[in-house]
Each structure stands twice: as C-alpha cells, then as structure tokens.
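1. All I have is the shape, not the residue letters:
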C-alpha cells in the first residue's frame, strides 16, 4: 500500500474522526468558558474584592523603550515587547481552568449516571417446548 492510502485508512477510522470532532467542539467550548470568566465572573469577583481588575495586575520586569508613549497597561506593554510578570492574567486563566474542569466533571458525572440508570435487559424467556419437556421430566421423576 502507498503512504497516501495508509493515511486515508488511518484518518477515516472512527476514533480519529471522533477525536477531531471533540477537539473542535472543545476549542469552541473553551472560548465560551473564556468569555464567561473574563466578561461575567471576574468583574463580579473584582466588584466584591473592591473594584479590582485582575488582568492589569503585573510587575514590569524591565523599563519600557524610550519611544514607548502608551498607557502602562498589560496589553500596551506586551504589545511593545516589554517583559511583564502578569500574575493577574494567571489568576484569570486559573479561574478559567477551574470552571472548565468543573463543567467537564459535571458532564462526565451526568453521563455516568445515565449509563447506570439504563436497566439491564431481561433474560430471554424459555421457549414453550423446553418448558413442556421440563414438565414431562419432572412428572416422570416423581
């Protein structure tokens, strides 16, 4: 077989296609969770803590270039190539991870619960001729 046909056979296996679909859905789901954390949860956390914006918590590790005239925000400094220790961004990403892990945990838990609730199939009934033969056998043994 040629490499192309071997690759086609490999790529068309069910597991590879399922994995590709899972990665695509996971990436889209990750964007939803990013938005939930960035746009909904972190503003609430910031409000409770006292109006803090975690994305702008950082330490500048070196002086910005002399030509830098932008605001001293995380976005402006990283765009200018200034190294920053962005611990606030890390806090946001960590919260994002915890939420995503919790959602996946709940999903897997529900899937496992649905699998357990499926009743086992009843054993097949004994054919009538077998039942009659057993009755005759039992009558003869008495």
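-> Received the coordinates, thanks. Keep in mind that this is a model prediction, so the values were computed, not measured. Residues are numbered from 1 along each chain as shown.

2. So, low pLDDT: which residues of this structure?
-> Across the chain, residues meeting the criterion (pLDDT under 70) sit at 1, 14, 51-53, 117-118.

3. Show me the residue at the heart of it, geometrically.
-> If you average the C-alpha coordinates of the chain and look for the closest C-alpha using CA atoms, centre = their mean, you land on residue 104, 5.1 Å from that point.

4. what ranges do the strands span in the protein?
-> The residue ranges that make up the strands of the chain, judged by DSSP state E, are 59-60, 84-85.

5. which stretch among those comes nearest residue 97?
-> Taking CB to CB as the criterion, residue 97 comes closest to strand 84-85 out of the strands of the chain, the separation being 19.3 Å. (C-beta placed from N, C-alpha, C; glycine too.)

6. List the contacts of the closest residue to residue 34 other than its chain neighbours.
-> What sits nearest to residue 34 in space, not counting adjacent residues and going by CB to CB, 6 or more residues apart in numbering, is residue 96, at 6.0 Å. Contacts here follow CB atoms under 8 Å, 6 or more residues apart in numbering; on that basis residue 96 touches 33-34, 37-38.

7. closest to residue 3 out of the strands of the chain?
-> Using CB to CB, the strands of the chain put strand 84-85 closest to residue 3, at 46.3 Å.

8. So what touches that closest one?
-> Judged by CB under 8 Å, 6+ apart, the contacts made with strand 84-85 from elsewhere in the structure are 58-61, 74, 77-78.

9. got the residue ranges for the helices in the protein?
-> Listed in chain order, the helices of the chain (DSSP state H) span 3-11, 14-35, 42-49, 74-79, 87-117, 128-141.

10. deepest of the strands of the chain, which one?
-> Each of the strands of the chain was given a mean neighbour count from mean count of other CB atoms under 10 Å, and the largest, a mean of 15, is that of strand 84-85.

11. Give the pairing partners of it; include direction for each.
-> In the sheet containing strand 84-85, the strands it pairs with under DSSP bridges are strand 59-60 (antiparallel).
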